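**Q** structure here, sequence nowhere to be found:
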Ligand SMILES: NC(=O)c1ccc[n+]([C@@H]2O[C@H](COP(=O)([O-])OP(=O)(O)OC[C@H]3O[C@@H](n4cnc5c(N)ncnc54)[C@H](OP(=O)(O)O)[C@@H]3O)[C@@H](O)[C@H]2O)c1
């Protein structure tokens, strides 16, 4: 039987890695990014719209996964124009390409589109994005919802995955500090959220796709937590709790380094997946243990 084909743009990042490994055996993939160090990735800038269209059309996929984005919130605050081109405009173009081929598009959004005034958000809550990153991602969401013939939009939380080389987020930031020999870590005590393991995320997207349950979904690990608890869990798991101290600080401590505004709560619940009985996301602690054991085994 011939395999169905997926074109994945922006596949060189932490989530792209998990998508490649989850889909590569059962689908024929074309993975692209501006970051094309891996031999399974070829170069494509999603902002070169004609090149994007040409490349997708020549591969003639059954699905278009549009992952590429600027994900550094501080960069986005400093470069709003570039941010809206890459995180919103390219999504509009990708949607048009998918429509022209009459294929479904997958778009990844974020828990950060909410303002964090509520404790927990489901899909019926109204977003109110605070900074440029969140706004650019929300505008992308709105465009896809309104214009795509068929779509899956999944909102991720605090992403963890990709290992020491690709993980740009909290878990790797903590591990880098541990590796550098710090024995006291400054961690914010006023942010709550839902970690999202890239491997579980990709597997659950595969289920949604196979069942053709088009639509918008929250897609995060089970269990709610805080930055402090995630850090504590990492130290416990690595048996470093007695050697490394956590210095609890509030957000203002990082006002220079992390000046982009972040919601106090980014806690999502997978309400629609639960209703459809297709929520296969595991508890974040289980996922974090697996991630540390697999990707950071000989790191420290
Ligand atoms: N990471 C999170 O916490 C998180 C949470 C919720 C949603 N998301 C969304 O999930 C998706 C995947 O992100 P990720 O977590 O895998 O982050 P990532 O590791 O930053 O991956 C994004 C990839 O897109 C690439 N890219 C940027 N501009 C591009 C362009 N013009 N053309 C082609 N590729 C480009 C990036 O390259 P460079 O590294 O060179 O910029 C990077 O390889 C994004 O849409 C993101 O907004 C992420």
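**A** Structure's in. What do you need? Only a predicted model underlies this, so the values are computations on that prediction, with no experimental measurement involved. Numbering: from 1, shown residues only.

**Q** excluding its backbone neighbours, what's nearest residue 115?
**A** Distance criterion CB to CB, 6 or more residues apart in numbering; nearest residue to residue 115, sequence neighbours excluded, is residue 128 at 4.1 Å. In this view, the C-beta of every residue, glycine as well, is placed from N, C-alpha and C.

**Q** quick one: contacts for that neighbour?
**A** Applying CB atoms under 8 Å, 6 or more residues apart in numbering to residue 128 gives the contacts 113-115.

**Q** same check on residue 52?
**A** 9, 44-46, 90, 93-94, 97.

**Q** follow-up on the earlier one: neighbour-wise, which one of the contacts of residue 128 leads?
**A** residue 113 (26 neighbours; other CB atoms under 10 Å).

**Q** how about it, what does it touch?
**A** Here residue 113 is in contact with 127-129, 134, 137-138, 141, 155 (CB under 8 Å, 6+ apart).

**Q** go again using 6 Å as the cut-off
**A** 127, 129, 134, 138 (CB atoms under 6 Å, 6 or more residues apart in numbering).

**Q** for residue 148, same thing?
**A** 95, 105.

**Q** quick check: residue 167 touching residue 17?
**A** No - contact criterion CB atoms under 6 Å: residue 167 and residue 17 do not qualify, at 9.3 Å.

**Q** who in the stretch 101-250 of the chain is up against the ligand?
**A** 108, 110, 137, 156, 159, 166, 168-169 (CB under 6 Å from any ligand atom).

**Q** adding pLDDT, neighbour count and secondary structure, write those residues out as JSON lines.
**A** Output for these, formatted as JSON lines (pLDDT from 0 to 100; neighbours: other CB atoms under 10 Å; DSSP: H, G, I helix; E, B strand; the rest coil):
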{"residue": "108", "pLDDT": "98", "neighbour count": "26", "secondary structure": "strand"}
{"residue": "110", "pLDDT": "98", "neighbour count": "25", "secondary structure": "strand"}
{"residue": "137", "pLDDT": "98", "neighbour count": "26", "secondary structure": "helix"}
{"residue": "156", "pLDDT": "98", "neighbour count": "23", "secondary structure": "strand"}
{"residue": "159", "pLDDT": "98", "neighbour count": "25", "secondary structure": "strand"}
{"residue": "166", "pLDDT": "97", "neighbour count": "20", "secondary structure": "helix"}
{"residue": "168", "pLDDT": "96", "neighbour count": "12", "secondary structure": "coil"}
{"residue": "169", "pLDDT": "97", "neighbour count": "18", "secondary structure": "coil"}
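
**Q** ok, back up a step: let me know the closest of the contacts of residue 113 to residue 260.
**A** residue 134 (9.0 Å; CB to CB).

**Q** out of the residues of the stretch 101-250 of the chain next to the ligand, which is nearest to residue 79?
**A** residue 137 (14.8 Å).

**Q** how much space between the closest residue to the ligand within the stretch 1-150 of the chain and residue 20?
**A** Closest contact between the stretch 1-150 of the chain and the ligand, by CB to the nearest ligand atom, is at residue 13 (1.9 Å). Here the criterion is CB to CB, to the nearest Å. By it, residue 13 lies 11 Å from residue 20.

**Q** those two: who's more crowded?
**A** residue 13 (22 against 18).

**Q** which of the contacts of residue 52 ranks first by neighbour count?
**A** residue 94 (29 neighbours).

**Q** which ones among the contacts of residue 52 are found in strands?
**A** Counting by DSSP state E, the contacts of residue 52 place residue 9 in strands.

**Q** please identify which pair of the contacts of residue 52 lies farthest apart.
**A** 45 and 97 (14.3 Å).

**Q** quick one on the thing from earlier: filter the contacts of residue 52 down to the ones close to the ligand.
**A** Within the contacts of residue 52, those near the ligand by CB under 6 Å from any ligand atom are 9, 45-46.

**Q** so how far is residue 268 from the residue nearest to residue 115?
**A** 15 Å.

**Q** quick one: the helices in the chain?
**A** With helices called from DSSP state H, the chain shows them at 14-23, 49-59, 73-78, 80-84, 90-101, 132-147, 163-166, 170-179, 198-211, 227-237, 271-275, 284-295.
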